[in-house]
Structures are given as structure tokens and as C-alpha cells.
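A.B. asks: here is my input; please provide its structure:
(4 chains)
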Number of protein chains: 2
Amino acid sequence: MNGQEMPARSHTRPRRVPTLEVVAEHAGVSRATASRVVNGSPRVSPEAHAAVTRAISALGYVPNRAARTLVTRRTDTLVLIVHERPDTVFEDPFFANMLRGVNAALSTTEMQLVLLHARGDQQRERALRYVSNGHVDGALLISLHGDDPMPTAIMAAGVPVVAMGRPLSGRGTDYVDADNAGGGEEAVRHLVAAGRSCLATVAGPQDMSAGIDRLRGYVGATQAAGMPDAADRVAYGDFTEAAGHRAMALLLERTPEIDGVFIASDLMCIGALRALRELGRRVPDDVAVVGFDDAPLAPYANPPLTTVRQPIRLLGQEMVRLLLHRLSEPRGDAKAIILPTELVVRSSS
Amino acid sequence: MNGQEMPARSHTRPRRVPTLEVVAEHAGVSRATASRVVNGSPRVSPEAHAAVTRAISALGYVPNRAARTLVTRRTDTLVLIVHERPDTVFEDPFFANMLRGVNAALSTTEMQLVLLHARGDQQRERALRYVSNGHVDGALLISLHGDDPMPTAIMAAGVPVVAMGRPLSGRGTDYVDADNAGGGEEAVRHLVAAGRSCLATVAGPQDMSAGIDRLRGYVGATQAAGMPDAADRVAYGDFTEAAGHRAMALLLERTPEIDGVFIASDLMCIGALRALRELGRRVPDDVAVVGFDDAPLAPYANPPLTTVRQPIRLLGQEMVRLLLHRLSEPRGDAKAIILPTELVVRSSS
DNA sequence: CTGAAAGCGCTAACAA
DNA sequence: TTGTTAGCGCTTTCAG
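C.D. replies: Numbering: from 1, shown residues only, chains lettered A, B, ... in the order given. The predicted structure is shown next:
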């Protein structure tokens, strides 16, 4: 299989942990009864229960997961698969925040989390094989691009899936997402309320729902505000700082009179801010900027950026909650959890 | 054990995967021979090998990890334990970068990574139990504080450990670290070369080796440069932005004539920069600043910060390499891998 | 309510 | 070089 002999890993762990067998003996019951107590079965007499419980804590017994998995085919493990297209979305550290949410939700459980990267065909294959072969009870998918078949493939293997962000394909996939469209609208309303009349946007990649939805919100709100021409002032970037710089410069070149701009990611904000500075525009007096808060970088921008904040940590938590729910409730319509965004106004001191 | 009945997770996975038994039959050999092929034993005839290999790919066989673990007591799993003291070090996203390094090193292996947070006694206990009970082959420890007994406890359980950063206790623990002292020295040399004569430092927490070592480097280099009095101009912070702000303000209050400062983390840099601005100091003309690059925040500072860069991603990789080495080489002296830092000079455009 | 017994899929002696 | 066999520790019928 792996083609080479395994190294003889002989780190002799002398302290062999107690087995159920030993617990049962210590409690004066059979292994079956001990197992029932461990698994919380109600069909156990109070005496037996007490005896086994005592034995467990006396011996410091902990169930052997491998043995349990072997028979139950349950792994008590979730996998987080990170789809990372070389040097784009994952460059920014929004990941850490999401992870904290995931862990928070998991910490009340006996579930453990394993991490898998899946960039490149080889790693994708490996990840899919891993998931399909019963190594995990469920999968969390993040940073999906385009119509990635991964969610469908995993579901076809009978493993429940929850995606972060609305998947562009795979109609039946459960997912959690921020209200990206609503955030885009809010940004526009803020700019309009600030008296801006010539809006533009640096939109995200149109092969990701986050990019698409934020743009949709922007377009809808500008039209609702009676600024249909704003829908034409769009430049696209791939969520990176360099792209933000490029897009902002392009917008200003095409329409110098822009006085308000919505930028669909915080990394792009940093780049756009740089472009504005280089072109001699003052922020926010000359051009008002509203960003989208994926990661904790925007607060460090200079001048401080007003942003639409995405509750990433909460999204992580909700992903896990939804997946755990699916585990006990395998069938049913696909669910989507959309969390509201929040406008965070920051002004230079 | 867990006190409540497990929910009946019945997501019927119909597609039962093929077992070694089936592979053996298909190849016309015994299970033992098939196993030998799977594990790359050389004691197999070419014909048998070919037959089994063919059967494996025909059937899409993948070894059942639980079964294998049950007998070999090897899990092919490493755990990354994050020690996160409430709201201090972990606030900054250096974590994501380290994780990428870890994953890079792991991706050439069949090993998988599980993530465990251990803040608070309860979670610490859980983590230790988890590790001690043979769920993993080795442990990676990050963001250790003070004389945390965790490394020693895990090693006592017979599980190899590698820590990120020199542990303050546990003499025998393997670890990887950046050359923090060297970085501090380099920062000072840079400031001296820039003609600064009244140096100060915002040092990190003195219950973490990163804080201690960077300060040591600073002190040593200032004395070597004939500025013994600089050793007195030290203010401490806990690596957070707020602390950096506070410490910088304190330094300037005590010694207004400071014209060069070394700041032991990038988050503290952001805070210090804010303090400098508020107090009307110009950077770098008035006060030159050299930071320490833990996370990708510093580049976004305004003005751009000259920093000592820590190769976090590489450190992650080296952690894994060292741990894998330990797995095959259980005994031997504790090893330390110290990676050099790099001075990154950034100037405002 | 309890126990005996049959495996889950795999590896590792031990024989052949 | 190969096959036979005995478990690894646990859950789960099935009788009692």
C-alpha cells in the first residue's frame, strides 16, 4: 500500500491501560454489564451500576476508541477539510477564528476534530478516500470554490457534510453562511446615509458565493437607492491585498469622481487603501470606504476602516452544531443557517 | 462513563468497504500474505505481490484504521495541543501560519492531525487523559506558559512530545524555536546602525521563553554596543496590542528622549505605534521602531514596520519532523532546533 | 437485569 | 515464502 516498510516504532509504553475486562472483574460483574454502564444503558441494576462506576474511577478506566470503533463503526471524529486554492483565499487568517468557533462547539462533546488539507488533485483524492472509508462520522468543508464536487461526493459516500458558505453546486448540501447580501446592502446604506452619491465596489471572485452574494447586495441596494449607474462601477479581485490595490486603481481611473466604495474583503481593503493613498485621495473625506471583515486585519488599517463584520467564530460553532444534528437526524431537507452581519463604524481618532 | 445514552446514529452507510479477507480471496492468497503486501513486507513473492496489488486497486481496498490500531497500538495520529490562556497570546493569528507548516510536513505522510484545545483545568485534564490513553503516537505543544507540567506529564505517559518554543520547565523536552535572542540582538544592531543612541524595549511576558529570550538578546546587544543604561529602559507587556500601547506610553513618560525602540511582538507594535502617534512622535524620524514578526499584521502597520521575522511556518514543519524522528528513535538526548530570524526592513513609501 | 459468546478487521507469532 | 491461528478491547445478540 504505502510501498515501504514502516519504521519499527517501539516507544515502549509500559503502562498498559486497564481494559473493560479488568473493570468488570474489579466490580464483580461481567464485561457485558460493565459495557452497559459505560454506555449509559438504563437496563442495569443500581448496585451493578455503582460497583462498575466505582471500579472505573478506581482504575482510571477509559474506553479504547479503536476497539469501540471497530465494532460500532462510529469514530466520534469529525474532519475539517480545507480547500485551499494556491495562494488565494487562505492567505488571510480568518481560518484561526473559525477554528476557535469549531473547537468551542466541540469542547462540550466527546468528539474530536481532525484536519485535512485538500489542495491539488492528489490531496483531494486522499481526503475523499479518507472520508469515504469510514474514518469520520461527518465532514466540515471550508473555502469551497466554484462547483466543487467534493460535498456531493462525500454525501454520496453516506457521510454527512456541512459547508462554510453557500456551495455553488450541490443543492442538497447543508451550510452555514453570513448574510453576505445583507452585508453588502448595509454597506451601501451606510455610504448613502453619509451623503455619498457616486458609489463603486471592489467585488470578490465570482466563483465563490461570498463574492457573488456581497456583490448582489451592493447592486440591489444601489438600485433601491436610485443609483442604477453604480451597478456598472464594479471591479473584481480574488480577495487578496494585491487584487484590492489593482481593482481600486482601476475604478478610480475609470471614474475619478467616486466618493464612496464598498470593498468585499478586508485584505482587499488594505490594498485599496494603499491605492487610494498613492493616488492622493483622502479617506474618508474624499472617498468613504466600507470593507468586509473576514479577519482581524481591518482594525489595524490606517485610517481605521468601517466594516461589515462577519461573525466567523459563531459560524464555526454553528457548522458543528448543524453537523451534530445531522448525525442523529440523517434524513430531512437540506438546512442553511444564515447569520446576520454587523456594521462596525470606526473613525480615525 | 458519559452518563447519557448515545443517540442512535443510524446514517446507514450501505457501501460496506472491502476487507483484507476479500482482497486475499480475490488474489488467491491468505489474509496474512495480503497483509504483508499492504504493509510493504519484503518477504513476499513477486507473483503474490502483483496479485494482491491488483486486487487492492480492483476492489478499492483501504485498511481499516481501527482494526489496525487495535492490534498494533499505533494510531498514525499526532495531536496538536493548544494551550491558550484566556485572551492573551492566542488572540493573534500566528496560529494559522504554524498550522500550515505542520500540515505541509504531514502531507507527505499517512499521519493525521487532531486538534485539542487545553485551556482551563477541565480541558487540560481531558487532553492529558486523551493523550495518555494511547489515542495518539505523539504530541505537539504550542503556546506554553511558565512551568507548565504538561510536557513532562505527557512524556511520563510514554508519548513523545515536541514543543513550540523553549519550555521553561521540563529540561528533557524536545522543542523548536526561533532564535529569539539573536533576533533581539539584530534589532538592536539595526537601531544602532541607524544612529540611534537612546534605546528602549517593550518586552514580552517573562513567563514565556519568547518574552525572556528576546529581552535577553536586547540587553546583551545594548551592552555590547556600550549602552548599558538601555538595559534599564524596559517595559513589559503580554504580547497584546493594549499592552503594547500601555508599555510604550510608559517608556516615553519615563524617558522622553528615547529615539529607538525594540518591541517584542507585532501585536504590541500596533499598540505602540498608536501610542507614539498619540504622543506626537514621528516614526521613524523621531523614534525608530523595530518589531518582532509573529503574524502577518506588521506589514499593514502605518508607517510600515521594520521587523525581525520569525519563520513560523518553517517552525511548524520542523516540529513535525522532529516528532516523527522521535517516533522511530524513542531514546536519546533532548533535541532543540533553533531557526534563525531575519531582519525585514520596510520603509514608508 | 445479567452473562456467555460471537465477532468487528487486522497483525504477528509460529509452523510448515 | 506462505498459511494457520490467536488475539487486540469492545459491543451486542441471545439465552437465561
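
A.B. asks: show me what from the stretch 51-200 of chain A comes close to DNA strand C.
C.D. replies: Contacts of the stretch 51-200 of chain A with DNA strand C, taken as C-beta under 7 Å from any atom of the strand, map to A:67, A:70-71. Where C-beta positions appear, they are placed from N, C-alpha and C, glycine not excepted.

A.B. asks: if you set the cut-off to 10 Å instead, what comes out?
C.D. replies: Residues of the stretch 51-200 of chain A lying close to DNA strand C by C-beta under 10 Å from any atom of the strand are A:51-52, A:66-73, A:133-134.

A.B. asks: widest-spaced pair of these?
C.D. replies: Comparing every pair within these by C-beta to C-beta identifies A:Ala51 and A:Asn133 as the most remote, at 39.1 Å.

A.B. asks: among the residues of the stretch 51-200 of chain A next to DNA strand C, name the ones in helices.
C.D. replies: Taking DSSP state H as the definition of helices, these contribute A:51-52, A:66-72.

A.B. asks: also within reach of chain B: list those from the residues you listed.
C.D. replies: Among these, the ones lying near chain B by C-beta under 8 Å from any C-beta of the partner chain are A:66-67, A:69-70.

A.B. asks: need those in TSV with pLDDT and neighbour count, can you?
C.D. replies: Shown next, in TSV, are these (pLDDT from 0 to 100; neighbours: other C-beta atoms under 10 Å in any protein chain shown):
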residue	pLDDT	neighbour count
A:Ala66	94	22
A:Ala67	95	15
A:Thr69	94	22
A:Leu70	93	16
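
A.B. asks: which of those residues sits closest to B:Asp147?
C.D. replies: A:Ala66 (33.9 Å).

A.B. asks: in contact with the closest one, which residues?
C.D. replies: A:Ala66 sits next to B:65-67, B:69-70, B:75 when contact means C-beta atoms under 8 Å, 6 or more residues apart in numbering or on different chains.

A.B. asks: identify the residue nearest it in space, chain neighbours excluded?
C.D. replies: Counting by C-beta to C-beta, 6 or more residues apart in numbering or on different chains, B:Thr69 is the residue found nearest to A:Ala66 once chain neighbours are left out, at 3.9 Å.

A.B. asks: of the ones next to chain B among the ones in helices among the residues of the stretch 51-200 of chain A next to DNA strand C, which is the nearest to A:Cys269?
C.D. replies: Nearest to A:Cys269 among these, counting by C-beta to C-beta, is A:Thr69 at 45.9 Å.

A.B. asks: so that closest one touches A:His135, yeah?
C.D. replies: No. Applying C-beta atoms under 8 Å as the test, A:Thr69 and A:His135 come out as separate, 9.2 Å apart.

A.B. asks: shared neighbours, these two?
C.D. replies: A:Thr75.

A.B. asks: and the gap between the closest residue to chain B within the stretch 151-300 of chain A and A:Arg73?
C.D. replies: Residue nearest to chain B within the stretch 151-300 of chain A (C-beta to the nearest C-beta): A:Gly158, separated by 3.8 Å. When distance is defined by C-beta to C-beta, to the nearest Å, A:Gly158 is 11 Å away from A:Arg73.

A.B. asks: please name the bridge partners of A:Val202.
C.D. replies: A:Ala235, A:Ile263 (DSSP bridges).

A.B. asks: so how far is A:Leu305 from it?
C.D. replies: To A:Leu305, A:Val202 is 13 Å away according to C-beta to C-beta.

A.B. asks: these two - which one has more neighbours?
C.D. replies: Per other C-beta atoms under 10 Å in any protein chain shown, whichever of A:Val202 and A:Leu305 has more neighbours is A:Val202, with 32 against 28.

A.B. asks: dump the residue contacts of that one.
C.D. replies: A:235-237, A:244, A:247-248, A:251, A:261-264, A:268, A:272.

A.B. asks: try 7 Å
C.D. replies: A:235, A:237, A:244, A:247-248, A:261, A:263-264, A:268, A:272 (C-beta atoms under 7 Å, 6 or more residues apart in numbering or on different chains).

A.B. asks: as CSV, those residues with neighbour count and distance to A:Cys198 would be great.
C.D. replies: Formatted as CSV, those follow (neighbours: other C-beta atoms under 10 Å in any protein chain shown; distance: C-beta to C-beta, whole Å):
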residue, neighbour count, distance to A:Cys198
A:Ala235, 23, 15
A:Gly237, 26, 20
A:Gly244, 29, 19
A:Ala247, 26, 17
A:Met248, 30, 14
A:Val261, 30, 10
A:Ile263, 32, 16
A:Ala264, 33, 18
A:Met268, 31, 20
A:Ala272, 32, 16
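
A.B. asks: looks to me like the residue of the stretch 151-300 of chain A closest to chain B is in a strand.
C.D. replies: No. Checked against DSSP: H, G, I helix; E, B strand; the rest coil, A:Gly158 lies outside a strand; its state is coil.

A.B. asks: what about it, how many residues nearby?
C.D. replies: Neighbours of A:Gly158 (other C-beta under 10 Å): 15.

A.B. asks: and the strands in chain A?
C.D. replies: A:77-82, A:112-117, A:138-142, A:161-164, A:174-178, A:199-203, A:234-236, A:260-263, A:288-293, A:306-309, A:336-339, A:342-344 (DSSP state E).

A.B. asks: which one, of those, ends up nearest to B:Val176?
C.D. replies: Closest to B:Val176 of the strands of chain A, according to C-beta to C-beta: strand A:112-117, at 19.4 Å.

A.B. asks: how about the closest one and chain B, touching?
C.D. replies: Yes. Using C-beta under 7 Å from any C-beta of the partner chain, strand A:112-117 comes into contact with chain B via A:112-115, A:117.

A.B. asks: returning to what we had before: mind checking how far the residue nearest to A:Ala66 is from A:Asn39?
C.D. replies: Applying C-beta to C-beta to B:Thr69 and A:Asn39 gives a distance of 20 Å.

A.B. asks: what do you get for A:Arg16?
C.D. replies: Separation of A:Arg16 from A:Asn39 (C-beta to C-beta) stands at 23 Å.

A.B. asks: and the two? Which one has more around it.
C.D. replies: Between A:Arg16 and A:Asn39, counting by other C-beta under 10 Å, A:Asn39 is the more crowded of the two (16 against 9).

A.B. asks: report pLDDT for the closest residue to A:Ala231 other than its chain neighbours.
C.D. replies: Excluding the flanking residues, the one nearest A:Ala231 by C-beta to C-beta, 6+ apart is A:Val219, at 4.8 Å. A:Val219 carries a pLDDT value of 98.

A.B. asks: right, and A:Val219 touches A:Arg233 too?
C.D. replies: No. Counting by C-beta atoms under 7 Å, A:Val219 does not reach A:Arg233; the two are 10.4 Å apart.

A.B. asks: of the two, who's got more company?
C.D. replies: Comparing A:Val219 with A:Arg233 by other C-beta under 10 Å, the one with more neighbours is A:Val219, at 21 against 18.

A.B. asks: low pLDDT regions in chain A?
C.D. replies: Per-residue confidence for chain A (pLDDT under 70) gives these ranges: A:1-15, A:85-93, A:170, A:295-300, A:348-349.

A.B. asks: please redo it, this time with the cut-off set to 50
C.D. replies: Residue ranges of chain A with pLDDT under 50: A:1-14, A:86-91, A:349.

A.B. asks: helices of that one, start to end?
C.D. replies: A:20-27, A:31-38, A:46-59, A:65-72, A:94-106, A:121-132, A:150-156, A:180-193, A:209-224, A:241-254, A:266-278, A:312-328.

A.B. asks: what's the distance between A:Ala334 and DNA strand C?
C.D. replies: Taking C-beta to the nearest atom of the strand, to the nearest Å as the measure, A:Ala334 falls 30 Å from DNA strand C.

A.B. asks: show me the two of the residues of strand A:112-117 next to chain B that sit farthest apart.
C.D. replies: Pairwise over these, using C-beta to C-beta, the maximum falls at A:Gln112 and A:His117, 17.7 Å.
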